[in-house]
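In: Please find the sequence and the predicted model below.
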Amino acid sequence: MKSFIIRRLKKSLELDKPLEELEGFRYVPKISHNELKIKEIIIVNPSLIDSLIKISFDKKYKKVLEFYLKTLSEEDDNGTDTNLMMALDELARLRNIIIRKYQKALSKKTLEKLLKKLKILENEIRIKLIDYKIMLEQQKVPDREKGKGR
């Protein structure tokens, strides 16, 4: 593994190779007070790419999971169906992002792990949604009283 040190030598620096020739993951830092005026970083190391994408994915996954758990803990039954559907939509959006944007950059093992996490949560939400709909149907149907039979 190569290590490097950044030193400020001059105000202008030149690259040995043009950036278009480098193959890797393009990352745009979201730093507001950027003194170096970095527009984007090209990461070439596959393990670094996996780590960065996994950290980003985990943040979004955690938000969806918290939303799902919050929906389950609420006693208000009016928006439960809608909230579960919103959580499913968010999971589908995350899956699309991973497949379309990060599939080339991620290693196969990491890609499978992330998609498996999404699938497990999606199945759990679908089960809760079906249980919720069955429960609503049972509440709508009044219990019939059994008469005396022979």
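Out: Great, that's in hand.

In: for stretch 31-41, how far is the first residue from the last?
Out: 12 Å (CA to CA, to the nearest Å).

In: could you give the mean pLDDT of that stretch?
Out: Stretch 31-41 shows a mean pLDDT of 71.

In: before we move on, what about stretch 124-142?
Out: 86.

In: Could you do stretch 56-69 as well?
Out: 93.

In: Name the residues of that stretch that come out as buried.
Out: For stretch 56-69, the neighbour count (16 or more other CB atoms under 10 Å) marks 57, 61, 64, 65, 68 as buried. C-betas here are computed from N, CA, C, even on glycine.

In: count of neighbours near the residue lying closest to residue 24 once chain neighbours are set aside?
Out: Counting by CB to CB, 6 or more residues apart in numbering, residue 24 lies nearest to residue 44, which is 4.0 Å off, once chain neighbours are set aside. The number of residues packed near residue 44 is 11, by other CB atoms under 10 Å.
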